[in-house]
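> okay, sequence plus prediction incoming.
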Amino acid sequence: MRHCLINVAGLLTLLSGCGVTQPEPFDAAKSPEERREYNGLKGLVQQQKDQNYLMAAALQQQCDAARVDLAVAQSTGDATAAAAQRKIMANTCL
């Protein structure tokens, strides 16, 4: 029985040490564009936040480009290009 207790105590010591070697959920020092590794539940939550941020940023860039292109199309009198840019803006501008 004593031998069994020693084995159990040793096993518990080994298992408690596992928590020390787990990596951080994500690298908070990096921007969302630079993060590549996420660990655990907190990392998964942060990955979702980063993906939402990156998707919103990409849509904003498309919206801004469409606004500039619309202004160019209007200044040149190109109604077809202006209509195309308005359609892009309807899908990307929030």
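Received, thanks. Numbering: from 1, shown residues only.
> what residues sit buried inside the helix or strand where Ala83 lies?
According to DSSP states H and E, Ala83 maps onto helix 79-92. Judged by neighbour count (16 or more other Cβ atoms under 10 Å), helix 79-92 contains these buried residues: Ala82, Gln85, Ile88, Met89, Thr92. To be clear about C-beta, it is placed using only N, CA and C from the backbone, and glycine gets the same treatment.
> show me the contacts for the third one.
Right, Ile88. Applying Cβ atoms under 8 Å, 6 or more residues apart in numbering, we find Ile88 in contact with Gln62, Cys63, Ala66, Asp69.
> please tell me how far it sits from Lys30.
Separation of Ile88 from Lys30 (Cβ to Cβ, to the nearest Å): 31 Å.
> same question for the fourth one.
When distances are taken as Cβ to Cβ, Met89 and Lys30 turn out to be 32 Å apart.
> for Ala58, same thing?
18 Å.
> how big is the angle separating the longest helix seen in the chain from helix 79-92?
Assignment by DSSP state H gives helix 40-76 as the longest helix of the chain. Angle, helix 40-76 to helix 79-92, by axes from the mean of the first three to the mean of the last three Cα atoms, to 10 degrees: 160 degrees.
> what helices and strands are in contact with helix 40-76?
helix 79-92 (3 or more Cβ pairs under 8 Å, 6 or more residues apart in numbering; DSSP states H and E).
> chain center to the helix it packs on: distance?
28 Å (Cα atoms, centre = their mean, to the nearest Å).
> how about stretch 30-45?
Using Cα atoms, centre = their mean, the offset of stretch 30-45 from its chain centre is 7 Å.
> how about stretch 64-74?
28 Å.
> so where's this structure shaky on pLDDT?
1-20 (pLDDT under 70).
> grab the nearest non-local neighbour of the residue nearest in space to the middle of it.
Central residue of the chain (Cα atoms, centre = their mean): Asp50, 2.1 Å from the mean position. Nearest residue to Asp50 in three dimensions, chain neighbours excluded: Pro32, at 3.9 Å (Cβ to Cβ, 6 or more residues apart in numbering).
> helix, strand, or coil at that neighbour?
In three-state terms, and counting by DSSP: H, G, I helix; E, B strand; the rest coil, Pro32 is coil.
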